[in-house]
Every structure is written in C-alpha cells, then in structure tokens.
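Chemist: give me the fold of what follows.
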Amino acid sequence: MSISRLNAIAAVTNYRATTPALDFSKTPAREVFGSNVFDDRVMKKRLAQGVYEVLRRTIDEGAKLDVSVADEVAAAMRDWAIEKGATHYAHVFYPLTGLTAEKHDSFLTPDGEGGAVAEFSGNQLILGESDASSFPSGGIRATFEARGYTAWDVTSPAYLLENPNGTTLCIPTAFCSWTGEALDKKTPLLRSMQALNTQAQRLLKIFGHSQPEHVIATAGCEQEYFLIDRNFFFARTDLISAGRTLFGAKPPKGQEMEDQYFGAIPERVLAFMLEVERELYKLGVPVKTRHNEVAPGQYELAPVHENANVATDHQYLTMTVLQRVARRYGMTCLLHEKPFAGINGSGKHLNWSLGTPSLNLLDPGETPHENMQFLAVCAAVIRAVDKHATLLRASIAHAGNDHRLGANEAPPAILSVFLGEQLTEVFTNIAAGGKGQAKKPGYLTVGVDTLPPLPKDAGDRNRTSPFAFTGNKFEFRAVGSSQSVAGPLVILNTIVAESLDYVVSELEAAQATTPETLGAAVQQVIRTIMNKHGRIIFNGDGYTEEWKKEATKRGLPNASHAAEAILACQTKDNEEVLAKYGVLSVREFHSRNEIYLEKYIKDILIEGRLVFEISKTMIFPVALDYQKQLAETSLALKHMGRKHCTTVLDELCELMANLQLRNEILRTAIFRESNGDGVRLAQHCHNTIVPAMDAVREVVDQLEFIVPDEDWPLPTYQEILFIK
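Modeler: From the prediction side, this is the model:
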C-alpha cells in the first residue's frame, strides 16, 4: 500500500484524543448559553435605562438607530469584552464570497507617556473601513476604487470569539462601497426584512390589528456535514483544493444497508458534537438536534428558529465552529454538497416563517379553512414561489449543488410547493368556487395498548419537495450545505413581500368592512391566485420522470444546472421586484449574477485542473508501473512456453490509452480561450469541461479496481468513510 495511505490509516487507527474531556458538571449548559454574547441581559445591566430603551426600539421595532447613544454603548461593550479577556475588536462582515471577513483592531492606544489606554469610541463601533476592491463586486468597484465601509448592525448582537491565545470582540456589520452600494449579503437581507414587515403590517391592519407588532421573518437552518479523519483529508489533493473527491470507486459497502441514519453516534464524533454545541451555546446559537445522517460519515445539526438576520449570522458561526472544533479531534468537517459520489450529499434545509413575537402568520390553527388571515398569507407565498421561481432557483445555484439537486437524495431543480392533503383540499375547493373544507387531523393507531394515541398531522411530509409546508412554516429543502442562507432569505422575503402587497391591494380595493365581506374578498383573491399560480402545487414524488413531464406541461421552469439558473433569473420582472422594494438596485442585482457566474466558472476550472493533474501525475504513473509488471510477466511466461492469460493486461492497456486520450481532451477544454465572455465560458464549463472531467473519472475509477491495492496512491472511499 502507498506510504501516504499507510500513514493515514495508521494515524487514524492509533488516534488518541489530544484535548482534555469537557466537564459538563462544572458549568451547566443553561449558564454557558449566551455567556459570550453582548445580549439583552448584558445591555440591561450595563446601559443606562434610556440608552437601553433606544436600542430595544431599534432591535424590536425596526426604528431608526439614534447614533447619539453609540459612545455609551461602545464603552459598555469595551468594558464587558476586556473583563472577559478581549484585547481586540473586529467588524465582521459577509462579502459576496459567501464566507465571513473580519478586520481586527487593538483596543490599546499609546498614551504618549510610555503606556497605553484601552479605547473604543462610538464612531469605531458604528463605522469601520475596509478595502472594497479586493472582494468580488461584479463591476461595482474597480481595482483602484478601494474604499468600503462596515456599518454596525445593532439587531445582531456582538459576541466574543475565543482563541487559546486571546479573545476578540466581534461586531456583526453590513459592508458597502464608498458609493453606498451593497457589497455583502447582510445589507440586502436587512432591506428585505424591512420590506416584508411593511407589507405584513398592512395585511394585519386589514384583519383588525389596529397597532400590529413588528413582523419579522424567522429561520431555522438544518446543517448537514461530513466528518473524515484529517490524515485522509491531507492525502487527497482534491479534497484540499475542491472540497470534494474528484475520483473514487464505489466501495463494496456504501449506504445500502441503511444502518447509518439515526444510528448510534461514534464516540469520537459524539465528543466532537458535544464540544461544538458547547462553543455554540457560548455564542447564543440555539442548537437543538444532532444525529447521524443517511450516508456513512455524515451528520446533522439543527437549531431552534430565530430572527432570520440573527439566524444567518449564527449559521456562519456554526460552519466556522464545526470546522475549527473538528481539527481538535483530528478530523476535517466537509461542508461541500457532494464530497463523495454514489452516496447522499449534504443540504441545509431552510425552515422559514414570518410573524410577530405573539403571532405566527403561517400557523393555520385548528380549522385552516376558517382562518382567513393564514389563508391569505399562504396564498401569497404560493403566488410568490410561482411568479418568481427563477429567482428562488438562482438563489441556491452553484457548482456544488449541481451534484445534489435531483439526484434522488435531494429535491429536484424544478421548484414546486407541497401543501399536504388538508391544505390542498382547502385551496382547491376555494379555487372551484366553494368555501373550502379541511379534513380533521384525527389520530394514528399504532396497535400497542400501552402507547398513547398519536395525533395525526393533517399532511404527510414530502422529502422530494423543494418547498414544503410543514405545519406552521415552509421548508426550503434545496439550499446547499456550504451556502450562506442569506441569499435564499433575501429572495424569499422580497417575493413574499411583493405578493403580500398584491393581496392587500386587492383586499383594499374590495373595500371589505365586515367579516363576511372580508371573507368573500379573501376567497376571491385566493381563487385568482389559484387559477393563475396553482400549477406550482405538487404533493407527489418529485423524483419521477412523470413529474418532469407534468412540470413541463404546467410551464414550470427547469434550470438543470447553476449556470443556466443564474442566467435564467435575469429578467425584467425579477429586476423590478428587487428594485421596487429597495432590496437590490438593478446594478446590484446584475453585479451579483456576474459574481455567482464567475464563481461557478472558477469552481469548474479548479476542479478540471485538479482532475488533469491528479490523473496525470498520480494515477497514470502507478498504472503504468503495473502495466509494465504485467507485460514483463506475460513476456516471461511466453518465453517459458507456458500458457498465460492477458485479459487483465489487455483491459489495462485499453484503459491507459483511454486515460491519455481523455486527459488530452480535458486539457484542451480547460485551456480554451474564452475572450472574456463569461456567459459563453460558463456554458463551455458545463457543456464541455464537466463531461470531460467525468470521462476521465470513469477511467480512473475503473483503474482503481485493477491496479493493486498496495500501489493505489489515494485513500479509497472504503477507508475514508469507514475507518474512524
């Protein structure tokens, strides 16, 4: 066996924990939770009552921030952070790379007398400056136009990020250019939540709420991920540079035994999970669930729902903590959507709802056919998803997700809405001219006398649906595991705001003044929406070929890959809806499409170069050596007059010839001149480079079954996934 594989396996099998076990009895989890967050408890304790109330109005009601309180907040934040060991502060922002960025500054300033004082002013809290030319801008910033600003987001709490050698105060911020255009993912998200609140407030007033509370979108993001030993990770160049394996034959055992899902969590992995949760508790991230996922080596973490803006920041923190803590246990956390071929990939199910602190607008209640307010909101969501399906599809489009969507493990690329039997009946009846009638949920009989009767949900779950109603929220299941949820949330909030605007305008035009006339007006709006947009509702199996044909008949868009989806969303309607509600200007919208298309191209080119390099410099030489051994053995037997079979040699010679031919085709495809045309290059990547990569992989994976195991240079799937 190759030295790198032997060393990796030896290191894995001889692994011993290097960090001391956590003593959970010393500090209960409830005391740890939020201990490193400048949250409401800390603000109430450290700020003057008037200053605290000003901040709460901004956080709770979306009121304009009174910057006059910034100095007192900054001083309190500084003192709190220094007491907890902080030496620096950092404005954390979320550029269009999809990752986090941070600029650290020390609290200490020389006092001119040989000493230093800790300073942190209101101006330093509110505003920071960063280089705006080194982040992707889609043409908004040229290389020489460097000035960019970070602006304090008071609605997302500051927190402390601990390091063995120190602690940093982290302040969530928006990031914009000198011209005021958004260069990040937070700014449009905040704008979209503002737009959603404005339209939802109008709706609540229609339904009798004279002074409605502030309406927010809420989110809960289920994070799937893989854990592998770091020794295997560093023995695979493809994992290091692309985040996924570009080669790997199917192992004798994969996930077909269905013994991984919800199985007992391996001890080393459980220790990792416990520390991840502990770290996230400190940061106020409300993690709730952990379990084994379907594929070997795959796991899931899920939080409780919270404000969508805060949930997005917490999602970034979750990915960061997962990857950092994994290293302490000698593992690597893989967030790529499809690290291994032939087994399930990873998603990030985005559970979305909207409401006030006391009211969930997507809670149907006991009798949804009588709940006019819920039906109006639900109808608005149905209309939004159908009317702007291309925008929603583009929000989850990237190279990694192409390997997962529609692969009988994740929702198809065709967007549809699952409502379940009960709600579908209600909406169908209203569309047909009736008032709608909901079936009662009833109870499940489980056939065991000692077990209590279980309440039966009004609708089953549908794992093949990209956008499913799940009781009092919608679950957007098509989001990729490595993605920021900010992009999907921006689109979802905006298109629902537009649909609420439509619904409210129709109800206002009807001049309904009594419950009866309002009920009739709601039914008419729903009837109109269902007749025009009801095609988006589908409760069946989204994996079947029949559904693809049916979706085509219904006129539903089907962008099968990322480049197609990004290009398909660039319509006048999509431009206008984002601009109308002040979420993205036309320039900002097109800049993002340019960035995402460019990222798709870069991802494919990196993978293409890796496939060419690994196959030529690692696979071809070992296969050539084996070919030589077989040829020499065959020749020796022939000279001895012994019978000999050349079947393996013949197969190997054919594969080697194919490998050289296909590698040359790939090389030519990679280095083709694009003349700066991003659209043509993206299409070339999908139509030419990806098939050329797959063709090389097909040969290499066959060679893995022929070349002696002791000579194969890459850790195999069987080793990576099952040796823990």
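Chemist: contacts and neighbour counts: CA atoms only from here.
Modeler: Noted.
Chemist: where does the stretch 201-350 of the chain dip in pLDDT?
Modeler: Counting by pLDDT under 70, the stretch 201-350 of the chain contains low-confidence residues at 257-258.
Chemist: repeat that with 90
Modeler: 208-211, 251-268, 291-292, 294-295 (pLDDT under 90).
Chemist: just the pLDDT for the residue most central in space within the chain.
Modeler: By C-alpha atoms, centre = their mean, the mean C-alpha position of the chain lies nearest to residue 483, the distance being 3.3 Å. Note on residue 483: pLDDT of 95.
Chemist: likewise the one 5 residues further on?
Modeler: Model confidence at residue 488, expressed as pLDDT, equals 97.
Chemist: same deal with residue 127?
Modeler: 86.
Chemist: I'd like to know how many residues surround the residue nearest to residue 35 when sequence neighbours are not counted.
Modeler: Spatial nearest neighbour of residue 35, excluding adjacent residues (C-alpha to C-alpha, 6 or more residues apart in numbering): residue 282 at 5.0 Å. Other residues within reach of residue 282, judged by other C-alpha atoms under 10 Å, total 22.
Chemist: and for the nearest residue to residue 111 once chain neighbours are set aside, the neighbour number?
Modeler: In space, and not counting its chain neighbours, residue 111 is closest to residue 117: 6.1 Å by C-alpha to C-alpha, 6+ apart. When counting by other C-alpha under 10 Å, one arrives at 11 neighbours for residue 117.
Chemist: isn't the residue nearest to the centre of the chain right up against residue 100?
Modeler: No - using C-alpha atoms under 8 Å, residue 483 makes no contact with residue 100, being 11.7 Å away.
Chemist: list the contacts of the helix or strand encompassing residue 693.
Modeler: Residue 693 is part of helix 690-704 when elements are defined by DSSP states H and E. Applying C-alpha atoms under 8 Å, 6 or more residues apart in numbering, the contact partners of helix 690-704 are 246-249, 604, 608, 611, 615, 619, 623, 652, 655, 658-659, 662-663, 665-666, 669, 712.
Chemist: recalculate using a threshold of 7 Å.
Modeler: 247, 248, 249, 608, 611, 655, 659, 662, 663, 665, 666 (C-alpha atoms under 7 Å, 6 or more residues apart in numbering).
Chemist: avg pLDDT for the helix or strand just after it?
Modeler: Using DSSP H and E, the next helix or strand after helix 690-704 towards the C-terminus is helix 717-722. Averaging pLDDT along helix 717-722 gives 92.
Chemist: before we move on, back to that, tell me which helix or strand the residue nearest to the centre of the chain sits in.
Modeler: Using DSSP H and E, no helix or strand contains residue 483.
Chemist: could you grab the helix/strand/coil label for the residue nearest to it when sequence neighbours are not counted?
Modeler: Leaving aside its sequence neighbours, residue 483 sits nearest to residue 98 (C-alpha to C-alpha, 6+ apart; 6.8 Å). Three-state call for residue 98 (DSSP: H, G, I helix; E, B strand; the rest coil): coil.
Chemist: ok, residue 98 - how many residues close by?
Modeler: 17.
Chemist: wait, doesn't it sit right on residue 486?
Modeler: No - in this structure, residue 98 is not within contact of residue 486 by C-alpha atoms under 7 Å, at 9.0 Å.
Chemist: picking up where we left off before, please write out the alpha-carbon positions of the helix holding residue 693 in CSV.
Modeler: This file holds the C-alpha atoms of helix 690-704, laid out as CSV (Å, rounded to 0.1, in the frame of the first residue of the first chain):
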residue,chain,number,x,y,z
VAL,A,690,-17.7,18.9,-16.8
PRO,A,691,-18.3,16.0,-19.2
ALA,A,692,-14.6,15.8,-19.9
MET,A,693,-13.9,15.6,-16.2
ASP,A,694,-16.5,12.8,-15.8
ALA,A,695,-15.0,10.9,-18.7
VAL,A,696,-11.5,11.0,-17.0
ARG,A,697,-13.0,9.9,-13.7
GLU,A,698,-14.8,7.0,-15.3
VAL,A,699,-11.4,5.6,-16.5
VAL,A,700,-9.6,6.3,-13.2
ASP,A,701,-12.4,4.7,-11.1
GLN,A,702,-12.1,1.5,-13.3
LEU,A,703,-8.3,1.5,-12.8
GLU,A,704,-8.9,1.5,-9.1
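Chemist: now do it, average pLDDT.
Modeler: Computed over helix 690-704, the average pLDDT equals 97.
Chemist: buried residues, it. List them.
Modeler: Residues of helix 690-704 classed as buried by neighbour count (16 or more other C-alpha atoms under 10 Å): 690, 692-700, 702-704.
Chemist: what about that helix, distance to the chain center?
Modeler: Helix 690-704 sits 29 Å away from the centroid of its parent chain (C-alpha atoms, centre = their mean, to the nearest Å).
Chemist: do the same with stretch 395-415
Modeler: Taking mean C-alpha positions (C-alpha atoms, centre = their mean), stretch 395-415 and its chain are 12 Å apart.
Chemist: average pLDDT across that stretch?
Modeler: 87.
Chemist: now the end-to-end length of that stretch.
Modeler: 12 Å (C-alpha to C-alpha, to the nearest Å).
Chemist: where along the stretch 101-250 of the chain do the helices fall?
Modeler: Ranges of helices within the stretch 101-250 of the chain are 122-126, 186-206, 230-234, 237-242, based on DSSP state H, counting those that start in this stretch.
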